[in-house]
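*Asks:* Got a predicted model here, sequence first, then my questions.
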Amino acid sequence: MLGTVDRSESQAHAWVPVAEVDELPLHPAFRTAWGAGDSGLRAFVESV
């Protein structure tokens, strides 16, 4: 089993459908990367 440590870096973590990511209060840099068509981030997430 993989051991983990709570670093309390976020108040909430959740798995959400890709279609709902735009509705979340994202970190500004993540929102920019998510919306950039050439970043590949969204395509990577959708492929997993």
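*Replies:* Cool, the structure landed.

*Asks:* so where do the helices sit in this structure?
*Replies:* Along the chain, the segments classed as helices by DSSP state H run 28-35, 41-47.

*Asks:* Which one, of those helices, ends up nearest to residue 21?
*Replies:* For residue 21, the closest of the helices of the chain is helix 28-35, at 6.3 Å, according to Cβ to Cβ. Quick note: C-beta positions are derived from backbone N, CA and C, even for glycine.

*Asks:* same for that closest one, what does it pack against?
*Replies:* helix 41-47 (3 or more Cβ pairs under 8 Å, 6 or more residues apart in numbering; DSSP states H and E).

*Asks:* Please save the CA atoms from the helix it packs on in CSV.
*Replies:* Taking only C-alpha atoms (Å, rounded to 0.1, in the frame of the first residue of the first chain), the coordinates of helix 41-47 have been written out as CSV:
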residue,chain,number,x,y,z
LEU,A,41,-3.1,19.7,-20.4
ARG,A,42,-6.8,19.2,-21.2
ALA,A,43,-6.0,16.7,-24.0
PHE,A,44,-3.8,14.7,-21.5
VAL,A,45,-6.5,14.6,-18.9
GLU,A,46,-9.1,13.6,-21.4
SER,A,47,-6.9,10.7,-22.6
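
*Asks:* Report the buried residues of that helix.
*Replies:* Residues residue 42 are the ones in helix 41-47 that count as buried (16 or more other Cβ atoms under 10 Å).
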